[in-house]
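> Got a predicted structure plus its sequence, pasted below:
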Amino acid sequence: MMKEKMNEAINRQINEEAFSSYLYLSMSAWFERRNLKGFANWMKVQAQEEAVHAKIFFDHIVERGGEVKLLSIAAPKTEWASPLEAFRDTLEHEKHITSCIHGLMDLAIEEKDHAGAIALQWFVTEQVEEEANAEELLAKVEMVGESKNGLFMMDRELGARVFKLPTGVTI
């Protein structure tokens, strides 16, 4: 059985992940309006990943006999000055999520919740990848600057991204 403090914290994390999905969908819509379909695709895939993360936390609570309490999802930002600003926000958001995951891991250790700590290890590793991807894309957008050719090439590259369900996860 999951302890109440951990149950509440994971419910909050479900909300964080759901907000993340909304944020990336909002960014996708922003890129769509600017006819940057590849950038929009990358953000849509990111939104799908975040929705799956919420589902993994949801399933963890259910499997451990806890109580899922879905919280209201805040409206995300809808406008960015440039692709650069969108990717700066992406990196900052991923750093925020990393902090949340680390807080959950700290709580799991404090509560001696071994099953929770094992489940959270996947997220700790995932966040290293998420931040690295966001940093790489931000650096590329910074290099491209105002170059329309550079943006076109990046758009093409980002359009190739496809969603892959993590191993062992069902939706």
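That came through, no problem.

> Show me which positions of the helix or strand that contains residue 19 end up buried.
Here residue 19 sits within helix 4-33, counting by DSSP states H and E. By neighbour count on 16 or more other C-beta atoms under 10 Å, the buried set for helix 4-33 is 6-7, 9-11, 13-28, 30-31. Where you see a C-beta, it was placed from the backbone N, CA and C, and this is true even at glycine.

> Packing partners of it?
With contacts taken as 3 or more C-beta pairs under 8 Å, 6 or more residues apart in numbering; DSSP states H and E, helix 4-33 sits against helix 37-63, helix 83-110.

> Poorly predicted segments of the protein, please.
For the chain, no stretch has pLDDT under 70.

> Can you tell me which residue is spatially central in it?
Taking C-alpha atoms, centre = their mean, the centroid of the chain lies closest to residue 50, which sits 4.3 Å from it.

> Contact partners for that residue?
By C-beta atoms under 8 Å, 6 or more residues apart in numbering, residue 50 lies in contact with 17, 18, 20, 21, 24.

> What are the buried residues along the helix or strand hosting residue 135?
Using DSSP H and E, residue 135 sits within helix 114-144. Judged by neighbour count using 16+ other C-beta under 10 Å, the buried positions of helix 114-144 are 116-117, 119-120, 122-123, 126-127, 130-131, 133-134, 137-138, 140-141, 144.
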